[in-house]
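Asker: The following block contains a protein sequence and its predicted model.
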Number of protein chains: 2
Amino acid sequence: MRAVLLNAPGEIVVGEVEDAGVRESTDAVVRVIAAGVCGTDIRAFAGRPGPVMGPACGHEFVGVVEDFGADVVTLRRGEVVVAPFMFADGVCVQCVRGVPTSCRAGGMWAVAAGGAQAEAVRVPFADGTLVPVPVDVTDERIPAVLSLADVMATGHHAIAGPGRGVPGVVAVVGDGAVGLCAVLAARAAGVERILLLGRHEDRLRIGKSFGATEIVTVREGEAAAQVLEATGGAGADLVVDAVGEQEALDTAFAICADGGALSLVGGPHGGIDLMGCFLRNITVSGGLTPARRYLPELLDEVLAGRLDPSPIFEATVPLADAARGYQLMADRQATKVLVRV
Amino acid sequence: MRAVLLNAPGEIVVGEVEDAGVRESTDAVVRVIAAGVCGTDIRAFAGRPGPVMGPACGHEFVGVVEDFGADVVTLRRGEVVVAPFMFADGVCVQCVRGVPTSCRAGGMWAVAAGGAQAEAVRVPFADGTLVPVPVDVTDERIPAVLSLADVMATGHHAIAGPGRGVPGVVAVVGDGAVGLCAVLAARAAGVERILLLGRHEDRLRIGKSFGATEIVTVREGEAAAQVLEATGGAGADLVVDAVGEQEALDTAFAICADGGALSLVGGPHGGIDLMGCFLRNITVSGGLTPARRYLPELLDEVLAGRLDPSPIFEATVPLADAARGYQLMADRQATKVLVRV
């Protein structure tokens, strides 16, 4: 079968790999209809260290159940399914506790299993991993459903994860796909003021359409002062870091209200002043989103027409043109790219 | 008037200082009847860096209102009051948000105002700071009330602060006064399993009487393995760090369940693996307790006989013998010392 392969930094090709097939009785094989390109993929494409090392690529997919093993009980052949960015057995202590990302038997697509940017994917623990989607393969909501595999689930986690009810003021640092999804999640949660900090006009425009009530254009450290001014010096009750680099973490800390929460969903490649958090009573939350746990409720919202993150997919390419999709994202010409298979 | 003075590390004397008097119209003067010696005082006594620098000492007191300025409206002369370890104006954005420890006009006794281990204390922002206690000066619950000024409020914050409802399993790292109060707070909150990690037999005995269901005697890193075994490998839902040193922080991280929370109330003199928290979905909470906010509810519990942290005061000394009280705590012969004035 054909699959997107990262042969070396900057070198994306579509090549032949071994067909996905059922190996364990709990496996399924899903024929992919849409796969996402994630910032993590672009990180690997750019040669920066991260979980994705190549050659397999992609950890977001929607597809059709083609086959499954004898112990799979929740799926029907031919039905559309969505997978979270990590598979998980669904029955271990971590899964039962609602932290499927910590499942000892689980792992991430393209790292511990095949890549999702491929014609098909072997899905370990199919019952624990996949969520059926009651639509057909031509449904126009497929891109929205695909976003639930990772970025929209991450945006939702950014807001819901800290368990702080509905904050009055949310600030989102970063206008990438995750930041935009956090804006959408904040609006869905009923947050009154949503400040979006970013640099890219196109993305900030999407952010506004997603519910950002105030835009703070990030330019050389003035952002923090602007947010503090806009909040009467208090800062935001909940600050989402959707970037992860030190500069973003510093900004997030600076604009967080004392007694507030930082929600780190960008993957923190830097540090936070722990004593500062102690003195200011700031809670640091966030983490890998337990997408599998959120999927059913978010899927309901998408199918009911109340949640539509699909505008983050600013470009769609066929599998054969995956390299172009990667380049569009690397060049920041598309917030996120959908690969049609 | 007489006051405890730290003239140099290791050198506690009771000396003469200027009488406490009303300076601002929002001040009160409180004649102290009982003051606590805190781990922070002992830190300064031992010459270790911290907020308390001397010569003034003490930030926990219960006393009697002696005088107040023209703008004080909530107090009556002669009534018993308790103060949180920091004064605060009660009306600024931080106070209104429930974070009086971040009040810009506020500060800590013995640092930004007079010490509490003295015959009297000038109280800035008396209305915002003091809480009346409807008992007389001979009431046997005065020590319990005194504990609410800092350590019991801190123990309460350790459990309530993260806002996680009632965790199934709480682990408390550290058997000092704060750790013991966290155990008591966990029991009061209805936590089913409370693991207390410590080294001191006497204190662990108090911990048991406070509600610890399991004692883990800390010896060279075996503690983490013991807690993991006791929790079926999962770890504790909420881990309280009541120590703050790196070894304790490392233990706390190791025994925290994925998806759980660390509650740092010991003042973190060390670091936490932020990427580890991200990957394991661990929330880092805690901070300086907003004691003023918790005081009314905790006072109700004490006066109703449902909460009694007083066993942490293992010794009582008169003001003149404050030096002996410090030495008892420094030598770990008393978990906490009460100074009767």
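Answerer: Thanks, I have it.
Asker: going forward, measure contacts and count neighbours with C-alpha atoms only.
Answerer: Fine.
Asker: roughly how far out does stretch A:175-193 sit from the chain middle?
Answerer: Relative to the chain's own centre, stretch A:175-193 is displaced by 13 Å; criterion: Cα atoms, centre = their mean, to the nearest Å.
Asker: Show me which residues of it are buried.
Answerer: If you call a residue buried by 16 or more other Cα atoms under 10 Å in any protein chain shown, then stretch A:175-193 has these buried ones: A:175-188, A:191-193.
Asker: Quick check: mean pLDDT of stretch A:255-269?
Answerer: Averaging pLDDT along stretch A:255-269 gives 96.
Asker: roughly how far is that stretch from the heart of the chain?
Answerer: For stretch A:255-269, the distance to the chain centre is 17 Å (Cα atoms, centre = their mean).
Asker: Report the separation between the two terminal residues of it.
Answerer: Taking Cα to Cα, to the nearest Å as the measure, stretch A:255-269 stretches 19 Å from start to finish.
Asker: CA atoms only for stretch A:224-238 - export them in CSV, please.
Answerer: Extracted in CSV, the C-alpha atoms of stretch A:224-238 (Å, rounded to 0.1, in the frame of the first residue of the first chain):
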residue,chain,number,x,y,z
ALA,A,224,2.1,40.9,28.0
ALA,A,225,1.7,44.6,28.8
GLN,A,226,-1.3,44.7,26.4
VAL,A,227,-3.1,41.8,28.1
LEU,A,228,-2.4,43.2,31.6
GLU,A,229,-3.8,46.5,30.5
ALA,A,230,-6.9,44.9,28.9
THR,A,231,-7.6,43.1,32.2
GLY,A,232,-7.2,46.0,34.6
GLY,A,233,-3.8,44.6,35.7
ALA,A,234,-5.2,41.3,36.8
GLY,A,235,-4.3,39.1,33.9
ALA,A,236,-6.3,36.2,32.5
ASP,A,237,-7.9,33.6,34.7
LEU,A,238,-6.8,30.8,32.4
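Asker: number of nearby residues for residue A:222?
Answerer: Residue neighbour count, defined by other Cα atoms under 10 Å in any protein chain shown, stands at 12 for residue A:222.
Asker: Where does residue A:128 sit: helix, strand or coil?
Answerer: helix (DSSP: H, G, I helix; E, B strand; the rest coil).
Asker: Then the one 10 residues further on?
Answerer: Three states are possible here, and by three-state DSSP the one that applies to residue A:138 is coil.
Asker: where's it relative to residue A:64, distance?
Answerer: For residue A:138, the distance to residue A:64 - Cα to Cα - is 12 Å.
Asker: isn't residue A:87 right up against residue A:110?
Answerer: No: using Cα atoms under 8 Å, residue A:87 is not in contact with residue A:110; the gap is 11.0 Å.
Asker: So if I had to pick from residue A:138 and residue A:64, which one is more boxed in?
Answerer: Higher neighbour count among residue A:138 and residue A:64: residue A:64, with 22 against 8, using other Cα under 10 Å.
Asker: so how far is stretch A:149-164 from its chain's centroid?
Answerer: Centroid displacement of stretch A:149-164 relative to its chain, using Cα atoms, centre = their mean, is 9 Å.
Asker: Spell out which helix or strand contains residue A:183, please.
Answerer: In this structure, residue A:183 is located in helix A:177-189 according to DSSP states H and E.
Asker: Check which helices and strands that helix sits against.
Answerer: When contacts are defined as 3 or more Cα pairs under 8 Å, 6 or more residues apart in numbering or on different chains; DSSP states H and E, helix A:177-189 sits against helix A:151-160, strand A:169-173, strand A:193-198, helix A:201-210, strand A:236-241.
Asker: Just checking stretch A:284-303 against chain B, any contact.
Answerer: Yes: using Cα under 8 Å from any Cα of the partner chain, stretch A:284-303 comes into contact with chain B via A:284, A:285, A:286, A:287, A:288, A:289.
Asker: er, stretch A:254-266 I mean
Answerer: Yes: between stretch A:254-266 and chain B, judged by Cα under 8 Å from any Cα, the touching residues are A:258, A:259, A:264, A:265.
Asker: Same list (those) but as TSV, adding distance to residue B:241, neighbour count and secondary structure.
Answerer: Below are these laid out as TSV (distance: Cα to Cα, whole Å; neighbours: other Cα atoms under 10 Å in any protein chain shown; DSSP: H, G, I helix; E, B strand; the rest coil):
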residue	distance to residue B:241	neighbour count	secondary structure
A:258	20	28	strand
A:259	18	29	strand
A:264	21	31	strand
A:265	24	28	coil
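Asker: Closest to residue B:209 out of these?
Answerer: Among the residues of stretch A:254-266 next to chain B, residue A:259 lies closest to residue B:209 (Cα to Cα), at 32.2 Å.
Asker: neighbours of the closest residue to that closest one other than its chain neighbours, just the number please.
Answerer: Counting by Cα to Cα, 6 or more residues apart in numbering or on different chains, residue A:281 is the residue found nearest to residue A:259 once chain neighbours are left out, at 4.6 Å. When neighbours are defined as other Cα under 10 Å, residue A:281 has 26 of them.
Asker: Give me the phi and psi for the residue in the stretch 101-250 of chain A positioned nearest to chain B.
Answerer: Going by Cα to the nearest Cα, chain B is nearest to residue A:102 of the stretch 101-250 of chain A, at 6.4 Å. Residue A:102 adopts backbone torsions of phi -100, psi 10, taken as degrees, to the nearest 10.
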